[in-house]
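Q: Quick check, what structure comes out for this input:
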Amino acid sequence: MELLAGSLMKRLLAVEVLRVSDARQLLGIKGASETKSIWKLRLQLMKPITWIPLLWGVICGAAASGHYQWCLSNVLAAFACMIMSGPLLAGFTQTINDYYDREIDAINEPNRPIPSGAIPLIQVKLQIWVLLLGGLGVAYALDIWANHSTPSVLLLALGGSFVSYIYSAPPLKLKQNGWLGNYALGASYIALPWWAGQALFGQLTWTTALLTLAYSLAGLGIAIINDFKSVEGDKALGLQSLPVVFGIKTASWISAGMIDVFQLAMVGVLILIGQHFASVILILLIIPQITFQDIWLLRDPLAFDVKYQASAQPFLILGMLVTALAIGHSPLIQML
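A: Purely as a prediction, here's the structure:
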């Protein structure tokens with residue numbers, strides 16, 4: 001009887017491990033199971049887990065516009081903007097990054113689709129072009145829907161795609177520089193989708209554009225966390241990521257500092273524009289992040305990076321929405 005119970009327990013554990021591994025595979029995160037399905041491999045290259053901040057950024061941009069109204073056409077336009085920002089253009093970014101990082105991934109994550117040989121390079125190139133052209137096509141359609149005299153959403157999509165390319169591809173390959181690369185990544189995940197949502201439903205002003213670029217410095221801190229898992233490969237190939245340059249411990253403090261300081265700077269901005277209630281809420285959302293930094297990030301970023309992000313990032317993105325709503329109800333949306 002005990003043998004039967006033990007065998008059943010082992011099977012249940014094996015099923016659970018496979019289920020978790022399959023979920024990781026679909027989300028495109030480390031520890032994924034191997035698969036031969038071409039569509040699952042394509043999805044893994046696109047890393048769906050990375051789409052979430054961009055989808056949220058579009059929501060923040062719509063809120064910051066001050067003109068979003070709940071009607072079917074607006075909901076569908078917002079959904080299309082999310083598809084453009086997340087699955088299409090973020091998917092393009094992740095796929096092209098995997099294409100140019102295949103040598104690094106052969107060291108850090110040899111089971112990824114490209115270094116493992118599970119998907120041919122010609123198929124990867126095809127996916128890159130399909131995602132890019134699809135994203136640009138949706139952007140142009142949104143400009144037509146919004147009656148833009150200047151195709152602002154398309155221009156933002158083109159600019160973001162160019163940044164994605166020079167982030168990953170030689171000769172510039174911004175990711176070789178820890179500061180430039182991580183800031184480009186932070187801006188792509190916070191500022192660009194915010195701008196797209198705000199331009200779609202209102203007017204993107206220079207003031208709010210600069211504020212979101214400042215907010216993106218908090219995104220730089222988040223991008224540093226993603227570098228911890230790649231330290232060995234980065235060292236081997238000479239990439240100057242911040243954990244490589246400063247060491248893991250110091251880089252974790254830089255990450256926490258960037259995340260906290262620039263959110264607190266937004267608190268100051270909200271106070272200056274008279275949004276005092278929003279500033280209090282933002283402070284209350286920053287406090288748990290500092291707590292989780294002490295528990296997870298600053299103690300052992302290599303072991304607890306995923307736990308920290310799962311615990312702290314919901315508070316960060318809620319803070320973004322609070323800031324966006326406050327801006328949408330302030331004079332900033334009219335200041336050029």
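
Q: Need the phi and psi values for N177.
A: phi -100, psi 120 (degrees, to the nearest 10).

Q: buried stuff in the longest helix seen in the chain?
A: For the chain, the longest helix by residue count, based on DSSP state H, is helix 301-328. Buried residues in helix 301-328, counted by 16 or more other C-beta atoms under 10 Å: 301, 304-305, 308-309, 311-313, 315-317, 319-328. Every residue, glycine included, has its C-beta placed from N, CA and C.

Q: Report the rounded mean pLDDT for it.
A: The average pLDDT within helix 301-328 is 93.

Q: try stretch 125-134
A: For stretch 125-134, mean pLDDT is 98.

Q: Ok, stretch 40-50 next?
A: In the prediction, stretch 40-50 has an average pLDDT of 93.

Q: Next: stretch 224-237.
A: So the average pLDDT for stretch 224-237 ends up being 85.

Q: same deal with stretch 178-190?
A: For stretch 178-190, the per-residue pLDDT averages 92.

Q: Count the residues that sit near K229.
A: Look at K229: counted by other C-beta atoms under 10 Å, it has 18 neighbours.

Q: By mean pLDDT, flag the weakest helix or strand of the chain.
A: helix 2-27 (a mean of 48; mean pLDDT, DSSP states H and E).

Q: Tell me the first helix or strand C-terminal of that helix.
A: Toward the C-terminal end, the helix or strand that comes next after helix 2-27 (DSSP states H and E) is helix 38-46.

Q: Go through that next one and flag the buried ones.
A: Buried, per 16+ other C-beta under 10 Å, within helix 38-46: K40, L41, R42, L43, Q44, L45, M46.

Q: Do I have it right that D101 meets P170?
A: No. Counting by C-beta atoms under 8 Å, D101 stays clear of P170, with 11.7 Å between them.

Q: neighbour-wise, which of these two wins?
A: More crowded of D101 and P170, by other C-beta under 10 Å: D101, with 22 against 8.

Q: Check the closest residue to the more buried one other than its chain neighbours and give its pLDDT.
A: Nearest non-adjacent residue to D101, counting by C-beta to C-beta, 6 or more residues apart in numbering: S168, 7.0 Å away. Looking at S168, its pLDDT reads 94.

Q: contacting residues for S168?
A: Contact analysis of S168 by C-beta atoms under 8 Å, 6 or more residues apart in numbering lists T93, I96, N97, Y99, Y100, D101, K175.

Q: Could you dump those into a markdown table and include secondary structure and distance to A157?
A: Output for the contacts of S168, formatted as a markdown table (DSSP: H, G, I helix; E, B strand; the rest coil; distance: C-beta to C-beta, whole Å):
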| residue | secondary structure | distance to A157 |
| --- | --- | --- |
| T93 | helix | 12 |
| I96 | helix | 15 |
| N97 | helix | 17 |
| Y99 | helix | 20 |
| Y100 | helix | 20 |
| D101 | coil | 23 |
| K175 | helix | 21 |
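
Q: can you list these in CSV and add distance to P151 and pLDDT?
A: Output for the contacts of S168, formatted as CSV (distance: C-beta to C-beta, whole Å; pLDDT from 0 to 100):
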residue, distance to P151, pLDDT
T93, 21, 96
I96, 23, 97
N97, 26, 94
Y99, 28, 96
Y100, 29, 94
D101, 32, 91
K175, 29, 89
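
Q: which one of the residues you listed has the most neighbours?
A: Highest neighbour count within the contacts of S168: T93, with 28 neighbours (other C-beta under 10 Å).

Q: my read: that one touches A169, true?
A: No. With contact defined as C-beta under 8 Å, T93 does not reach A169; the gap is 11.4 Å.

Q: shared neighbours of the two, anything?
A: Counting by C-beta under 8 Å, 6+ apart, nothing touches both T93 and A169.

Q: Against which helices or strands is the helix or strand containing I287 packed?
A: Element membership for I287 (DSSP H and E) is helix 276-292. In terms of contacts (3 or more C-beta pairs under 8 Å, 6 or more residues apart in numbering; DSSP states H and E), helix 276-292 is packed against helix 248-272, helix 301-328.

Q: so which of the ones you listed gets nearest A64?
A: Among the helices and strands packed on helix 276-292, the nearest to A64 by C-beta to C-beta is helix 301-328 (4.1 Å).

Q: How about G91: what's its closest non-neighbour residue?
A: Using C-beta to C-beta, 6+ apart, the closest residue to G91 is M46 (3.6 Å).

Q: For that neighbour, list the residues it contacts.
A: Going by C-beta under 8 Å, 6+ apart, M46 touches G28, P87, A90, G91, Q94, T95, Q127, L131.
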